[in-house]
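Engineer: Quick one: sequence plus predicted model below, questions after.
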Amino acid sequence: MNKNYLLPFFALAIFTACQSKKVENQPPNVIVIITDDQGYGDLGLHNNPNLKTPAIDDFARQSIQFSNFHVSPVCAPTRSSLMTGRYSLRTGVRDTYNGGAIMASSEVTIAEMLKQRNYKTGIFGKWHLGDNYPSRPSDQGFDESLIHLAGGIGQVGDFTNYFKMETSYFDPILWHNNEQKPYKGYCSDIFTDNAIRFIEENKDQPFFCYLSFNAPHTPLQVPDKYYQMYKDTDPTAGIDPALLPVAPMSDKDIEDARKVYAMVTNIDDNLKQLFQKIEDLGIKDDTIVIFMTDNGPQQVRYVGGMKGRKSSVYRGGIRVPFFLSYPSKFEGGGEINAMSAHIDLLPTLSELCAAPLPTDRKIDGRSLVPALEGQTLPQRSFFSYWTRKLPELYNNIALQQGDYKLVGKTDFDATIEAFELYNIKVDPFETKNLVNQNLEKAQSLKAEMDVMFTSLTQSPNLIHPPRIAVGTPNEQPVYLNRNDAGGQRGVWNQEELYSYWKVDMQAGTYRIKFKFIKPLPLGGEMVLETGSGILKKKSNAEPTDTLVWEDVALSEGKFDFTPFYRLGRKNYFPLWVEIDKIQ
């Protein structure tokens, strides 16, 4: 045999071995996929016969399914916990708006942790943890960011798309690396396409891709192609009535479900492309892919028979799908029933990627790697709460420990008999309140709940909320939006209200533009309250929705930036404010 003929094959074998060794020695890629307001029942896999999700269902069957996975009842708290491994109140996130969806810049995110292992990091979609320096994705470890503002495209905080109303999910103006940029197409398609591009560009090195869909969150907008798939669907068909909402679904509920299902199927088609791409690139085996959702469904529909929806601490609000694939390390097709949660993601990725955990703060989560390796995780407690603006003692609050879960939906000074106690193992739908039969267990859980509530509500980032930095070279100009405004409870799209932004102002001369929802009535004056004084100026002679102040000298300080247009006893708050430092 001609030995020279074999040389190319030996060379190829050596090259392949070297390549395999190189891949083996570098950490895995990480793709985290999260959808918005997609409940546990919004998958064909979870016995919903009226919804088509073949790509996600197949992915789940090839992955390890965590069947007892929990999140926060609403989105921004879930995302802060996912990113940091900490309960949201520790991070400064206490709400979805009202100025409570800004995460402290001192928090260490998954992206920052993985940067220690030289990962390239990108986010595509929803951030919802602060739209200004120093809390933007680019300030928290992401090399590339393509996001919308606030909690949803077209919400009042997302002022670049707000006035598009019924078409905000189509051809949106997004923020790419902190710059406004118009895009063509449907939002979920845009985010997926750009995530795939990021993966292609970084396939030869470790990368972290955070694909964070804003769908199927309201507004329920979807390409007609997908709506046509469900326009005649009865979302209750083929489902045991005992697993459906107690009250019959209204016509609006049915129509909303159709639109949600259409949005979810669009996501499924997008994920089919993404899953195929990582296979075509040859990186599937060494890529951790996670699929999850951020909370239960907002609207009335099938949620697997569980009690409650989004915003509730019952299981329908906080138990969600969680599927993890890492083919080179764990065989797929299994199911893990151990209590697991969003706070576990950071410590789990820390272990899998050999990236050091932060050691200067409390990490509430734990690594799920032992469970992935077949070990039994020790019992632990999981705390849940949700009320608007700030936590309310014993209202919509829960603590689960093992099979038992204590729920408080009562007064701050209520006796233990006013609480609810469930055995989740025998009563997964939370229908049998056992508090009177097991007062001792209820008292024990309440004592632990009290300790947890006190600890979390004393968090420094909650007592001293994050502030928006104004006048630094890191963001110029600064746009203050409604999502991050505090003040009156439930600040949204009202015109007449009192509100403010918490800022950390640098001294300087500024140009300030105040943009209102509608043209202002004549005869009033624009007022700006700062930490050291009040500025005011009479209005223009013509009706306008925009007022501009030139050459405004502002002093350095941490204060409430409070602008309003005053006419008699009425105060009109801006939709957004642009602050541009001139010198």
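Structural biologist: The structure has been received and is ready for your questions.
Engineer: in the helix of greatest length in the chain, what counts as buried?
Structural biologist: What stands out as the longest helix in the chain, according to DSSP state H, is helix 251-280. Buried residues in helix 251-280, counted by 16 or more other Cβ atoms under 10 Å: 253-272, 274-275, 277-278. (C-beta placed from N, C-alpha, C; glycine too.)
Engineer: OK, contacts around W386?
Structural biologist: By Cβ atoms under 8 Å, 6 or more residues apart in numbering, the contact set of W386 is 72-74, 77, 311-313, 317, 396.
Engineer: Mark which of those residues are part of strands, please.
Structural biologist: Of the contacts of W386, the ones assigned to strands by DSSP state E are N396.
Engineer: Okay, and which of the contacts of W386 map to helices?
Structural biologist: Within these, residues falling in helices by DSSP H are 77, 317.
Engineer: ok, the contacts of W386 vs I64, which is closest?
Structural biologist: The shortest approach to I64 among those belongs to S72, at 22.6 Å (Cβ to Cβ).
Engineer: secondary structure class for the residue nearest the centre of the chain?
Structural biologist: Centroid-nearest residue in the chain: R79, 3.7 Å away (criterion: Cα atoms, centre = their mean). The three-state label for R79, taken from DSSP: H, G, I helix; E, B strand; the rest coil, comes out as helix.
Engineer: what residues are up against it?
Structural biologist: By Cβ under 8 Å, 6+ apart, R79 lies in contact with 34, 93, 126-129, 212, 294.
Engineer: same question, K120
Structural biologist: 143-144, 198, 202, 205-208.
Engineer: Next: V108.
Structural biologist: 84, 358, 361.
Engineer: what element comes up after the longest helix of the chain heading to the C-terminus?
Structural biologist: Per DSSP states H and E, the first helix or strand lying C-terminal to helix 251-280 is strand 287-293.
Engineer: what about the strands in the stretch 1-150 of the chain?
Structural biologist: All strands of the stretch 1-150 of the chain, identified by DSSP state E, counting those that start in this stretch, fall at 29-35, 64-66, 69-70, 120-125, 144-147.
Engineer: out of everything not next to it in sequence, what's closest to S212?
Structural biologist: Excluding the flanking residues, the one nearest S212 by Cβ to Cβ, 6 or more residues apart in numbering is G125, at 3.7 Å.
Engineer: Kindly report the same for S311.
Structural biologist: Leaving out its chain neighbours, the residue that sits closest to S311 by Cβ to Cβ, 6+ apart is P73, at 5.0 Å.
Engineer: hang on, the one you found packs against G296?
Structural biologist: Yes: the pair P73 / G296 is scored as a contact, 7.4 Å apart, by Cβ atoms under 8 Å.
Engineer: For the strands of the stretch 1-150 of the chain, give me TSV that also has distance to T348.
Structural biologist: Converted to TSV, these look like this (distance: least, Cβ to Cβ, whole Å):
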stretch	distance to T348
strand 29-35	10
strand 64-66	10
strand 69-70	12
strand 120-125	17
strand 144-147	23
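Engineer: right, so of these, which gets closest to P327?
Structural biologist: strand 64-66 (10.7 Å).
Engineer: Which strands border that closest one, and is each parallel or antiparallel?
Structural biologist: Here strand 64-66 is paired, per DSSP bridges, with strand 322-325 (antiparallel), strand 335-336 (parallel).
Engineer: possible to save those as a markdown table with mean pLDDT?
Structural biologist: Formatted as a markdown table, the strands paired with strand 64-66 follow (pLDDT from 0 to 100):
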| stretch | mean pLDDT |
| --- | --- |
| strand 322-325 | 98 |
| strand 335-336 | 97 |
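Engineer: Which of these has the highest mean neighbour count?
Structural biologist: Comparing the strands paired with strand 64-66 by mean neighbour count (mean count of other Cβ atoms under 10 Å), strand 322-325 ranks first with a mean of 24.
Engineer: Show me how this protein divides into domains.
Structural biologist: 27-377, 382-463, 468-581 (automatic domain parsing).
Engineer: Span of the shortest one from start to end?
Structural biologist: Taking Cα to Cα, to the nearest Å, the first and last residues of domain 382-463 lie 23 Å apart.
Engineer: what does the longest one give?
Structural biologist: Counting by Cα to Cα, the length from the leading to the trailing residue of domain 27-377 is 25 Å.
Engineer: same question, stretch 209-227
Structural biologist: The first residue of stretch 209-227 is 29 Å away from its last residue (Cα to Cα).
Engineer: From the chain's centroid, how far away is it?
Structural biologist: 14 Å (Cα atoms, centre = their mean, to the nearest Å).
Engineer: Now do the helices in this structure.
Structural biologist: Counting by DSSP H, the helices of the chain are 3-25, 54-62, 75-84, 88-91, 110-115, 187-201, 224-230, 251-280, 315-318, 345-352, 369-372, 439-457, 460-463.
Engineer: With mean pLDDT and distance to P521 added, can I get these in CSV?
Structural biologist: Output for these, formatted as CSV (pLDDT from 0 to 100; distance: least, Cβ to Cβ, whole Å):
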stretch, mean pLDDT, distance to P521
helix 3-25, 41, 66
helix 54-62, 98, 51
helix 75-84, 98, 35
helix 88-91, 98, 40
helix 110-115, 98, 46
helix 187-201, 98, 36
helix 224-230, 98, 41
helix 251-280, 98, 35
helix 315-318, 98, 42
helix 345-352, 98, 50
helix 369-372, 98, 62
helix 439-457, 98, 42
helix 460-463, 97, 39
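Engineer: Please consider this matter closed, and thank you.
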